[in-house]
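Visitor: Could you work out the structure for the sequence below:
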Amino acid sequence: MTAGRWGQRMLLLLAVAALVSACAVREQRPAGTWMEERAAWFDEHPVWSVSGRAAIRDGQRGGQISFEWQAEGERHRVHLRTVTGGRQWLLQFEPGHAELEGTDVRYLVGPDPNALVESAVGWRIPVVELSDWIRGLVSEELGEVRFAHDGTLERVRFEPWDLSYQHFVEIEGRLMPARLEAESPPYRVRLVLRDWKLKSREDIEPGFSASVWH
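Guide: Next up, the predicted model:
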């Protein structure tokens, strides 16, 4: 076999291997089982964290915010930083209560974390909703849900938001969102997610606390 033909064969084998690997990370599930299975799985993995970046536009202005998100059940701790300018905030919330402190705001308390973030950051960011969206947790009762051919979540449309799931990564045998977009004209939020960390109930020792709330 000549060097040229051998090289072509190796490239073909590598392409096939890459394709098989890409297919392997997809969950082969009927579309209707995605929500039920994912909700049950996160019920068994109540402690999780993820970091990433959000690009936000309101039709006139645009900006980027990086974030680190930690959660323990329904308690959330989100550290927000502007990519430029050095402004940063710490948001902590649970159902019915939220606290925010940081640049230019000192300390804010209220029942709605979305309102606190908007007053501090100046952007309409659906933080409460994002706690579910970034995990791929959306209810089919909200509106129209579309799945990809392999059963993975692809698009969710409900008033006033349109979600598009563009890329997943495999974390501990489970597909987690890595890139998605949420749009509610004129607002658009593009998210890139990385560094997923997950802990199951079996892994949590008695008395364990993720320290996501002070």
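Visitor: so who does the spatially most central residue of the chain touch?
Guide: In the chain, the C-alpha nearest the mean C-alpha coordinate belongs to Ile134, at 2.1 Å (CA atoms, centre = their mean). With contacts defined as CB atoms under 8 Å, 6 or more residues apart in numbering, the neighbours of Ile134 are 50, 52, 69, 177, 180, 191, 193. Quick note: C-beta positions are derived from backbone N, CA and C, even for glycine.
Visitor: The helix or strand encompassing Leu116 packs against which elements?
Guide: When elements are defined using DSSP states H and E, Leu116 is found to belong to helix 113-121. Applying 3 or more CB pairs under 8 Å, 6 or more residues apart in numbering; DSSP states H and E, one finds that helix 113-121 makes contact with strand 88-94, strand 97-102, strand 106-110, helix 127-133.
Visitor: Need the residues that contact the host helix or strand of Met35.
Guide: Under the criterion DSSP H and E, the helix or strand holding Met35 is helix 34-43. Residues external to helix 34-43 that are found in contact with it (CB under 8 Å, 6+ apart): 27, 29, 48, 135-140, 145, 147, 151-153, 174.
Visitor: all strands of this protein, in order?
Guide: Listed in chain order, the strands found in the chain under DSSP state E are 47-57, 62-72, 75-82, 88-94, 97-102, 106-110, 144-147, 153-158, 161-171, 174-184, 187-199.
Visitor: Using JSON lines, please lay out these together with distance to Glu36 and mean pLDDT.
Guide: Converted to JSON lines, the strands of the chain look like this (distance: least, CB to CB, whole Å; pLDDT from 0 to 100):
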{"stretch": "strand 47-57", "distance to Glu36": "19", "mean pLDDT": "94"}
{"stretch": "strand 62-72", "distance to Glu36": "21", "mean pLDDT": "93"}
{"stretch": "strand 75-82", "distance to Glu36": "23", "mean pLDDT": "95"}
{"stretch": "strand 88-94", "distance to Glu36": "25", "mean pLDDT": "96"}
{"stretch": "strand 97-102", "distance to Glu36": "29", "mean pLDDT": "96"}
{"stretch": "strand 106-110", "distance to Glu36": "34", "mean pLDDT": "93"}
{"stretch": "strand 144-147", "distance to Glu36": "13", "mean pLDDT": "86"}
{"stretch": "strand 153-158", "distance to Glu36": "13", "mean pLDDT": "90"}
{"stretch": "strand 161-171", "distance to Glu36": "17", "mean pLDDT": "93"}
{"stretch": "strand 174-184", "distance to Glu36": "14", "mean pLDDT": "94"}
{"stretch": "strand 187-199", "distance to Glu36": "19", "mean pLDDT": "94"}
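Visitor: Fine by me, thanks again.
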